[in-house]
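Visitor: Sequence first, then the predicted structure:
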Amino acid sequence: MLPRQNSVYSASHGFQPEEIKEKLSAFPGGSVDLLKQEESGLAVLTINNPSRMNAFSGSMMVELEERVAQLETWTQGKGLIVRGASGTFCSGSDLNAVRAISNPQDGMKMCMFMQDALTRLLRLPLVSVALVEGRALGGGAELTTACDFRLVTRDSVIQFVHKHMGLVPGWGGAARLVHIVGGRHALRLLGGALKVDPELGLQMGLADGLLEEVPDAGGAERDAALRQAEDWLSSYTKGPAQVVQATKRAVVSGRELPLTEALRAEKEVFGTVWGGPANLRALASKTKHK
Ligand SMILES: CC[C@@H](C(=O)O)C(=O)SCCNC(=O)CCNC(=O)[C@H](O)C(C)(C)COP(=O)(O)OP(=O)(O)OC[C@H]1O[C@@H](n2cnc3c(N)ncnc32)[C@H](O)[C@@H]1OP(=O)(O)O
């Protein structure tokens, strides 16, 4: 199998995705569901294993990678919301699966597989938001960092519980956390396994917005949170998919590459929109930015 363009690992790193997929598939349960709204260009990815607080079974890890692969080829896509089912985000790896693969070899394979899938998720040319309701623990906290933004509800807690598990993040969460909040805050969050409520999240820059509570909404509360997240995201996904995707690509290059390489990558992206339909329309209409 050829390495994917946005992958972190290849065969030269000993990465054999088919081998670990087979192993992970032996731990079934739950699902990772993708709903693409072609008209708006927004998609919702739902981590769905409510009887285990949306923990990732082995088969869900495999499904996550498959959903990311589907999104990588979505040319009309603009935005993505990642959420958990039934009012909570995700409680990390399914501890039953973790126990069964707790040997170092399998641990390394799972680590590479999830780092790869989540890095590809973050590198998607879509503006992505983690909608954090309830708890995001361990790998669930790591998953929130694989989105461009995090929106939290009043009851939310993000907690990197790894230290309490005798671990460090293994899904790329430590590296991404340092980029998001800086080294000092990352060390506090990981070293202290701090419970990040909305106030602390906003103060440290881990959370990008607090969604309003909808009084007496009952079962509609969850849909209300999703609608609010869609509204929030729509400010960044207005306009043609080609331009939204180009914007995200330029940011990914700037975020990840040394300056000279980032500038060259930005030039390539610029070439895809310069003189393109949206650019020509804007020039013809003598757009004013009042
Ligand atoms: C590399 C591993 C690391 C990573 O990937 O980076 C990890 O993610 S390790 C996993 C980290 N997560 C945990 O350790 C979560 C442990 N669970 C809890 O702390 C609590 O269950 C909770 C999530 C805080 C919820 O508490 P509460 O509201 O009191 O509900 P219950 O405890 O009754 O949970 C309901 C049900 O869900 C099961 N559950 C929850 N999380 C997991 C999980 N990660 N794996 C497997 N099962 C999980 C829990 O056991 C309950 O099941 P039953 O006992 O059968 O009712």
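Guide: Looks like it came in fine. Residues are numbered from 1 along each chain as shown.

Visitor: Do a quick rundown of the helices in the stretch 101-250 of the chain.
Guide: Taking DSSP state H, counting those that start in this stretch, the helices of the stretch 101-250 of the chain run over residues 104-122, 139-144, 173-181, 183-191, 198-204, 220-237, 241-256.

Visitor: Identify whichever of these lies nearest to the ligand.
Guide: Judged by CB to the nearest ligand atom, the one of the helices of the stretch 101-250 of the chain that comes nearest to the ligand is helix 139-144, at 2.8 Å. From N, CA and C alone the C-beta is placed, and that goes for glycine too.

Visitor: For this protein, list the residues in contact with the ligand, please.
Guide: Residues of the chain that fall close to the ligand, judged by CB under 6 Å from any ligand atom: 52-53, 55, 91-96, 98, 135, 137-139, 142, 161-162, 165, 167, 169-171.

Visitor: Now the buried members of those residues.
Guide: Buried members of the residues of the chain next to the ligand, counted by 16 or more other CB atoms under 10 Å: 52-53, 55, 91-94, 98, 135, 137-139, 142, 161-162, 169-171.

Visitor: Any stretches of the chain with poor pLDDT?
Guide: For the chain, the stretches flagged by pLDDT under 70 are 1-3, 215-222.

Visitor: at 90 what do you get?
Guide: By pLDDT under 90, the low-scoring segments of the chain are 1-5, 98, 213-223, 287.

Visitor: What are the neighbouring residues in contact with the residue lying closest to Glu261 once chain neighbours are set aside?
Guide: Nearest non-adjacent residue to Glu261, counting by CB to CB, 6 or more residues apart in numbering: Ser253, 7.4 Å away. Each residue near Ser253 by CB atoms under 8 Å, 6 or more residues apart in numbering is listed here: 261-262, 265-266, 269.

Visitor: ditto for Asp94
Guide: 27, 29, 49, 52, 55-58, 60.
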